[in-house]
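**Q** Coordinates only, no sequence provided:
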């Protein structure tokens with residue numbers, strides 16, 4: 001019996017969240033002849049966990065956006081519910097604690113626009129109302145972006161029905177913030193999430209910033225009780241239950257193209273498999289420079305586009321299991337953003353180096369998921385998000401020493417900032433870098449957040465140019481490099497967008 005059929009309707013390269021979301025969306029619309037090829041021996045890509053000395057450790061997920069409580073599900077939570085993928089979501093206790101040592105700022109904010117505005121009001125009297133107004137503006141832009149991602153409308157209707165979206169579309173996050181005349185401290189507090197989108201607020205589109213803030217503060221953030229791997233395993237199970245063929249340890253090296261249209265793929269072991277559509281989890285950079293066969297089928301415009309795009313940030317994470325409970329260790333916050341100052345130009349310059357890093361986020365998973373490790377232990381991580389270019393010159397012989405140095409620096413900075421000593425409590429430790437990401441999932445240069453959102457290239461601009469950037473018929477992309485960009489929530493959105501591209505093509509061809 002042959003390992004593969006002679007032909008499939010859709011082949012998906014990569015069994016990460018985006019690839020599986022694409023499959024689920026296609027299946028929901030009646031497309032079931034699907035083959036998913038995954039190079040790893042597990043589904044999920046970076047949505048995974050690993051075991052050290054009998055302790056399962058979360059590999060990547062800090063918090064999941066766009067879930068929302070059962071009574072007010074947001075779009076990613078709705079998708080999981082509609083697809084019948086039952087995730088045991090646990091709400092993260094606070095949005096974040098923000099510590100800026102230069103100014104002595106130390107504040108904890110919780111989800112809910114009124115609540116977070118009240119928390120700022122207590123520290124900065126007279127400004128809570130304006131913060132609340134600003135968050136409601138963010139929320140209106142958030143609603144517009146969600147609506148416009150699935151609907152098309154003319155300019156006049158846009159002006160009538162989405163005036164705030166149109167009014168703020170051409171401005172940076174900093175420009176809109178400045179119109180509120182917030183004190184510098186309040187601005188710094190509101191900008192804490194900036195690092196997750198990989199651009200300073202003076203070059204970050206307000207639409208992206210508004211979406212990010214509204215998403216985190218409207219419905220709160222969540223983690224899965226079974227780690228991000230719970231999402232991966234349950235999605236994979238559902239995809240297979242609904243008829244897709246899911247094969248592991250099968251790396252795709254070539255996408256076969258003839259006369260400008262895909263007709264199949266070739267695996268590393270030499271299997272040539274034919275299909276009508278290909279969905280690629282690999283970045284366009286790799287696809288257009290290494291994977292299209294023959295190379296003469298790569299349009300000149302595709303190379304120009306990938307050369308023009310800038311990769312976003314990547315992780316340096318120190319992931320630990322600590323002896324002692326959070327209470328015994330003195331850890332009381334799920335998430336802390338900490339920095340010596342919020343001088344954006346300095347922080348951005350620092351992100352282009354190999355450290356020491358000045359902007360860190362620390363996560364104590366126990367405080368959202370009390371059963372995340374055996375009793376008496378704490379699962380804890382410290383993360384910096386530098387640009388991928390910082391690691392391009394690292395030599396192999398220097399790599400492990402660099403990882404140890406980064407871990408020491410980041411732990412030392414956390415201890416100095418919080419007064420909490422953890423270095424002598426470490427039972428297990430792993431250090432993740434862009435090299436780790438590239439090695440395990442093949443992400444281009446180790447990037448996890450796709451392409452940077454700036455005023456020339458962001459989700460709205462990408463939606464407008466999407467049709468002109470489909471260079472090969474039948475080829476779709478689904479991953480962090482997709483239209484919605486970074487994070488695990490957007491992976492689901494990007495997968496659904498790839499499915500929509502295929503479904504639209506099927507309608508046109510009828």
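**A** Arrived safely. Being a predicted model, the structure only gives us computed values, none of them experimental.

**Q** pLDDT below threshold where in the protein?
**A** For the chain, applying pLDDT under 70 flags the ranges 1, 149-156, 458, 463-465, 485-486, 510.

**Q** the domain parsing of it - what is it?
**A** What automatic domain parsing lists as the domains of the chain is 7-65+226-310+453-509, 111-220, 316-432.

**Q** Need the winner for burial among these.
**A** Ranked by average neighbour count under the criterion mean count of other CB atoms under 10 Å, those are headed by domain 7-65+226-310+453-509 at a mean of 20. In short, each C-beta sits where N, CA and C put it, glycine included.

**Q** okay, the domains of the chain in a markdown table with distance to residue 84 next?
**A** What follows is these, written out as a markdown table (distance: least, CB to CB, whole Å):
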| stretch | distance to residue 84 |
| --- | --- |
| domain 7-65+226-310+453-509 | 6 |
| domain 111-220 | 21 |
| domain 316-432 | 23 |
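
**Q** end to end, how far does stretch 373-391 reach?
**A** With CA to CA, to the nearest Å as the measure, stretch 373-391 spans 32 Å from end to end.

**Q** next one: it to chain centre, how far?
**A** Centroid separation for stretch 373-391 versus its chain: 15 Å, with CA atoms, centre = their mean, to the nearest Å.

**Q** how about the helices of the stretch 351-500 of the chain, start to end?
**A** 399-418, 434-441, 459-465, 488-509 (DSSP state H, counting those that start in this stretch).

**Q** so which of those helices gets nearest residue 296?
**A** helix 488-509 (23.4 Å; CB to CB).

**Q** what packs against that closest one?
**A** Applying 3 or more CB pairs under 8 Å, 6 or more residues apart in numbering; DSSP states H and E, one finds that helix 488-509 makes contact with helix 17-28, helix 75-82, strand 272-280, strand 475-477.

**Q** now for those, which one comes closest to residue 176?
**A** helix 75-82 (23.4 Å).

**Q** where's whichever helix or strand comes after that closest one relative to the chain centroid, distance-wise?
**A** Using DSSP states H and E, the helix or strand that follows helix 75-82 in sequence is strand 89-91. Chain-centre distance of strand 89-91: 18 Å, with CA atoms, centre = their mean.

**Q** likewise stretch 502-510?
**A** Here stretch 502-510 shows a centroid-to-chain-centroid distance of 29 Å under the convention CA atoms, centre = their mean.

**Q** again with stretch 90-110
**A** Averaged over its C-alpha atoms, stretch 90-110 has a centre that lies 21 Å from its chain's centre (CA atoms, centre = their mean).

**Q** how long is that stretch end to end?
**A** Stretch 90-110: ends 15 Å apart by CA to CA.

**Q** One more: stretch 88-100?
**A** Stretch 88-100: ends 34 Å apart by CA to CA.

**Q** Likewise for stretch 65-85?
**A** Across stretch 65-85, the terminal residues are separated by 16 Å (CA to CA).

**Q** Show residues contacting that stretch.
**A** Stretch 65-85 is contacted by residues 21, 24, 28, 64, 86-87, 89, 91, 146, 215-216, 218-222, 231, 234-235, 238, 487-490, 492-493, 496 when judged by CB atoms under 8 Å, 6 or more residues apart in numbering.

**Q** Could you measure from the residue nearest to residue 301 when sequence neighbours are not counted over to residue 477?
**A** Closest residue in space to residue 301, ignoring its immediate chain neighbours: residue 471 at 6.0 Å, by CB to CB, 6 or more residues apart in numbering. Distance, residue 471 to residue 477, by CB to CB, to the nearest Å: 11 Å.

**Q** And for residue 48?
**A** Separation of residue 48 from residue 477 (CB to CB) stands at 21 Å.

**Q** now the helices and strands packed on helix 488-509 as JSON lines including distance to residue 296?
**A** Listed next are the helices and strands packed on helix 488-509 as JSON lines, based on distance: least, CB to CB, whole Å:
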{"stretch": "helix 17-28", "distance to residue 296": "28"}
{"stretch": "helix 75-82", "distance to residue 296": "39"}
{"stretch": "strand 272-280", "distance to residue 296": "18"}
{"stretch": "strand 475-477", "distance to residue 296": "16"}
